[in-house]
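Q: One predicted model, sequence on top.
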Amino acid sequence: MQDLKELNEVITAIKEEIRQGADALTTSKSVYEFKKTFLDNKQGRIGLLMKEMRNVANDQKAEFGKTINGAKEWANNFFDELDQKLKEKEQQQRYESEKIDITMPPVKIRYGNLHPVTTVRNQLTDIFTSMGFEVYEGTEIETDYYNFTALNTPQDHPARDMQDTFYLSPEFLLRTQTSAGQVHVMEAKKPPIKVVSPGKVFRSDDDATHSPMFSQMEGLVVDEGITLCDLKGMLDMFVQRIFGEQTKTRLRPSYFPFTEPSVEVDVSCFQCGGKGCRLCKETGWIEVLGAGVVNKKVLENCGIDSNKYSGFAFGLGLERIAMLKYGINNIKMLFESDLRVLDQIDD
Ligand code: FA5
């Protein structure tokens with residue numbers, strides 16, 4: 001190429017090629033690739049025109065260069081505008097595809113509930129911690145010593161028959177009662193002690209109100225001058241908070257080897273108010289837990305001076321409380337994970 005005329009013809013052809021090629025471009029990325037073929041400094045078709053300068057007469061060189069730069073500027077503006085248009089189009093398409101119809105009915109989200117026994121456990125834990133109790137969680141596998149012997153129930157003691165036990169070996173067993181935790185707490189901590197201990201326990205027991213695996217919550221208070229009156233006062237407060245303000249307690253004599261005296265605790269029926277109904281079997285009272293004053297032998301087994309300190313303990317079944325609260329008449333319903341049952345219980 002030797003003169004301006006020829007250069008202008010080439011540039012006109014390149015511009016036409018750019019315009020035609022641009023029609024096929026649909027994305028910002030393709031504009032960039034296409035633009036490079038014309039404007040890349042080393043390989044670009046317009047850039048390469050500069051190399052023709054050596055064939056051009058000296059008096060035309062300035063005009064020749066100016067014309068090429070003009071073409072570069074034109075191409076740059078052309079591609080910038082095209083790029084801008086495509087970006088706007090892409091954005092518009094994205095807006096369209098992400099458009100939400102806020103008048104559509106929402107997709108229903110299914111929320112799960114806590115299991116009724118978990119709810120009861122949380123409620124009881126809240127009540128007791130608000131009264132200043134700490135929470136201790138023991139282990140489900142225990143030794144015979146902690147589950148029985150230290151609780152004044154040595155081998156051959158007839159009270160062992162009260163709880164049919166799953167033994168793992170002569171020494172280890174699945175704990176039959178959260179009372180096993182009492183001993184660990186008293187060994188580790190000196191009075192004053194105020195602890196509740198929730199957890200799973202296991203017994204070879206199976207009928208409508210008994211399950212081989214169930215949950216208990218143990219309570220233990222040890223300090224100077226603790227009596228059965230303190231137990232009664234605390235239980236009155238506790239049952240009013242869980243079953244309602246009108247609920248009263250009644251203590252009946254009972255037997256546990258680790259408490260002396262021992263009591264069964266009944267609450268006035270919260271369904272009929274004590275008049276008698278199906279829930280309370282027409283007696284007006286419902287049994288909820290076992291309790292008593294900690295046997296001196298148990299304190300001594302744990303290295304606590306029984307002349308200086310005394311205490312009370314209680315143990316309740318969480319499934320029993322859940323069944324009473326939610327009107328469930330068969331304990332199996334709590335373990336079957338049947339949503340038709342669980343969905344009706346939302347406290
Ligand atoms: C005890 O287990 C004593 N450790 C409670 C205790 C603690 C007494 C501290 C004194 C001092 P009992 O075996 O009664 O006691 O069980 C307590 C509660 O667990 C019962 O009232 C009942 O609600 C529940 N329970 C017992 N066996 C089962 C079972 N197989 N299935 C479901 N709940 C049960």
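A: Nice, thanks for sending it over. Numbers count the residues shown, from 1 in each chain.
Q: low-scoring stretches of the protein, by residue?
A: For the chain, applying pLDDT under 70 flags the ranges 1-2, 346-347.
Q: In space, not sequence, find me the middle residue of it.
A: residue 114 (10.1 Å; C-alpha atoms, centre = their mean).
Q: Is that residue within a helix or a strand, and which one?
A: Secondary structure from DSSP states H and E places residue 114 outside every helix and strand.
Q: who touches the residue nearest to residue 183 when sequence neighbours are not counted in this structure?
A: In this structure, residue 183 finds its nearest non-sequential neighbour in residue 150, 4.4 Å apart by C-beta to C-beta, 6 or more residues apart in numbering. No exception for glycine: its C-beta is placed from N, CA and C like everyone else's. Going by C-beta atoms under 8 Å, 6 or more residues apart in numbering, residue 150 touches 183, 298, 301-302.
Q: Throw these into CSV and include neighbour count and secondary structure, thanks.
A: Converted to CSV, these look like this (neighbours: other C-beta atoms under 10 Å; DSSP: H, G, I helix; E, B strand; the rest coil):
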residue, neighbour count, secondary structure
183, 22, helix
298, 25, helix
301, 19, helix
302, 22, coil
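Q: Sketch out the helices for the stretch 151-300 of the chain, chain order is fine.
A: Along the stretch 151-300 of the chain, counting by DSSP state H, counting those that start in this stretch, helices occupy 180-188, 228-243, 296-301.
Q: The ligand is nearest to which of the ones you listed?
A: Nearest to the ligand, of all the helices of the stretch 151-300 of the chain, is helix 180-188, at 7.3 Å by C-beta to the nearest ligand atom.
Q: Mind listing what's buried along that closest one?
A: By neighbour count on 16 or more other C-beta atoms under 10 Å, the buried set for helix 180-188 is 180-186.
Q: ok, now stretch 242-250?
A: Buried, per 16+ other C-beta under 10 Å, within stretch 242-250: 242-243, 247, 249.
Q: Including distance to residue 176, could these go into CSV?
A: Shown next, in CSV, are those (distance: C-beta to C-beta, whole Å):
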residue, distance to residue 176
242, 24
243, 27
247, 29
249, 25
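Q: For the helix ranked longest in the chain, name the packing helices and strands.
A: Using DSSP state H to define each element, the chain has its longest helix at helix 58-97. If you count contacts as 3 or more C-beta pairs under 8 Å, 6 or more residues apart in numbering; DSSP states H and E, helix 58-97 packs onto helix 4-23, helix 28-39, helix 45-48.
Q: now the ones you listed in a markdown table, with distance to the ligand and mean neighbour count?
A: Output for the helices and strands packed on helix 58-97, formatted as a markdown table (distance: least, C-beta to the nearest ligand atom, whole Å; neighbours: other C-beta atoms under 10 Å):
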| stretch | distance to the ligand | mean neighbour count |
| --- | --- | --- |
| helix 4-23 | 80 | 14 |
| helix 28-39 | 68 | 16 |
| helix 45-48 | 88 | 17 |
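Q: got TSV for those, with distance to residue 324 too?
A: Converted to TSV, the helices and strands packed on helix 58-97 look like this (distance: least, C-beta to C-beta, whole Å):
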stretch	distance to residue 324
helix 4-23	80
helix 28-39	69
helix 45-48	89
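Q: Point out the residues in the stretch 101-250 of the chain that sit beside the ligand.
A: 177, 179, 203, 205, 210-211, 214, 216, 218 (C-beta under 6 Å from any ligand atom).
Q: Report the buried members of those residues.
A: 177, 179, 203, 211, 214, 216, 218.
Q: Now, the residues you listed that are in strands?
A: Judged by DSSP state E, these include 214, 216, 218 as members of strands.
Q: If the last one is in a bridge, with which residues?
A: Which is residue 218. Counting by DSSP bridges, residue 218 forms beta bridges with residue 197, residue 315.
Q: My read is that it contacts residue 184, right?
A: No. Using C-beta atoms under 8 Å, residue 218 is not in contact with residue 184; the gap is 10.9 Å.
Q: got the CA coordinates for stretch 217-231 in PDB?
A: Provided in PDB are the C-alpha atoms of stretch 217-231 (Å, rounded to 0.1, in the frame of the first residue of the first chain):
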ATOM      1  CA  MET A 217     -34.500 -36.200  85.900                       C
ATOM      2  CA  GLU A 218     -32.800 -36.500  89.200                       C
ATOM      3  CA  GLY A 219     -32.600 -33.600  91.800                       C
ATOM      4  CA  LEU A 220     -30.100 -33.400  94.700                       C
ATOM      5  CA  VAL A 221     -29.700 -30.800  97.400                       C
ATOM      6  CA  VAL A 222     -27.200 -31.200 100.200                       C
ATOM      7  CA  ASP A 223     -26.400 -28.500 102.700                       C
ATOM      8  CA  GLU A 224     -26.500 -27.900 106.500                       C
ATOM      9  CA  GLY A 225     -30.000 -28.300 108.000                       C
ATOM     10  CA  ILE A 226     -31.900 -29.600 104.900                       C
ATOM     11  CA  THR A 227     -35.100 -31.400 105.800                       C
ATOM     12  CA  LEU A 228     -38.200 -33.000 104.200                       C
ATOM     13  CA  CYS A 229     -39.900 -29.500 104.600                       C
ATOM     14  CA  ASP A 230     -37.400 -28.000 102.100                       C
ATOM     15  CA  LEU A 231     -38.300 -30.800  99.700                       C
END
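Q: Just the residues contacting that stretch, thanks.
A: Contacts of stretch 217-231 (C-beta under 8 Å, 6+ apart): 121, 124-125, 128, 133, 177-179, 181-182, 185-186, 191-198, 234, 251, 261, 263, 291-294, 299, 304, 308-316, 318.
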